[in-house]
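Asker: Fold the following, please.
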Amino acid sequence: MTAAGTATAHADSPGGWVETGTSTVNSLTGGEGIATQADGSLLTRGLGSIPLSLRIAGWNHVGDPDIADGYVFDAYQGGDSATSKMYAVTTPGGQRYEYTHPLDSGEELNNSFDTVSPDGQWMVSGEWGDMNRLEVFPAPLLNPSTPRTGGTLAQAGQITLDRTVSDIQGCDFVSGTRLVCSSDDAAKDVIQVDLPHALDGSAVTGHVTTLFQVPQQSICSGTFEAEGIDYDPNARVLRVEIVPPSVCEVATTVYSYRPTTG
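Answerer: Prediction:
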């Protein structure tokens, strides 16, 4: 067994969270991300979740999703030569619309996640590697500035981070001015990003705090991979995914946490 991380978030950690349980999901259909549905059940995403039509079109990776007002937001990326990334939005009625973002100068092709602000107007997304920013877009369909049936999506003002973060796999809003994010850095950190005000399309600076580390526990030894993160505001439950190494990677572990205050 490898145990390279804290099993429980300490009550005195910033914005303290305490671990309350674990579950597993099939990595093929759930190893990339999770989101809470209206009935409290989990929507999962993995490589096996990509529709054939999107795979044929070159979108070979899906990131950590989000759900807002019953709309499902998925983050897609293409191969190493991709010059754009894509966000697919599925309506409550099951209609899917595709929004393509041509890469801006210096932008990485990776599309690790998306999350929608509590007011439904802004979508935050992320790249890969060592980064000092999060990308912000008008939320497709929900923000009236976006096309109604898919199309091109341009960035709005970014979130500049006050310290560098590494390999962010997912973020979710816990309030209009706070996000929690999972990092696939060596420690498998969960970080918090505090904003000076709710997003409005202008550039802001976010303050980064490390909250805790996702446990790395398995009967298999090797390298773990932190993946998606989700906050269910109704149940007040934070969930974080981590994929174990070697043959154990067929099942992704989901750790659940509750806030220690509030």
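Asker: May I have the beta-bridge partners of the residue most central in space within the chain?
Answerer: Using CA atoms, centre = their mean, the residue of the chain that lies closest to the mean C-alpha position is Gly170, 2.3 Å off. Gly170 has the following beta-bridge partners by DSSP bridges: Ser182.
Asker: Over to Val254?
Answerer: Going by DSSP bridges, Val254 forms beta bridges with Ser23, Glu241.
Asker: Roughly how far does it sit from Thr223?
Answerer: 19 Å (CB to CB, to the nearest Å). (Glycine included, C-beta is placed from N, CA and C.)
Asker: between these two, which one's more packed in?
Answerer: Val254 (22 against 12; other CB atoms under 10 Å).
Asker: if I pick the residue nearest to the centre of the chain, what's in contact with it?
Answerer: Contact analysis of Gly170 by CB atoms under 8 Å, 6 or more residues apart in numbering lists 33, 63-64, 112-113, 115, 181-182, 227-230, 241.
Asker: do that again at 10 Å, thanks
Answerer: Neighbour list for Gly170: 32-35, 63-66, 75, 112-115, 126, 179-184, 190, 226-230, 240-241 [criterion: CB atoms under 10 Å, 6 or more residues apart in numbering].
Asker: Pull the number of nearby residues for Phe212.
Answerer: What Phe212 shows, counting by other CB under 10 Å, is a neighbour count of 27.
Asker: Would you mind putting the CA coordinates of the helix or strand harbouring it into CSV?
Answerer: In this structure, Phe212 sits in strand 204-213 according to DSSP states H and E. Provided in CSV are the C-alpha atoms of strand 204-213 (Å, rounded to 0.1, in the frame of the first residue of the first chain):
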residue,chain,number,x,y,z
VAL,A,204,-9.3,39.7,-11.8
THR,A,205,-6.5,38.4,-9.6
GLY,A,206,-7.2,35.2,-7.5
HIS,A,207,-5.5,34.4,-4.2
VAL,A,208,-4.3,30.8,-4.1
THR,A,209,-4.2,28.8,-0.8
THR,A,210,-3.4,25.1,-0.4
LEU,A,211,-6.1,23.3,1.5
PHE,A,212,-5.1,19.6,1.7
GLN,A,213,-3.7,16.7,-0.3
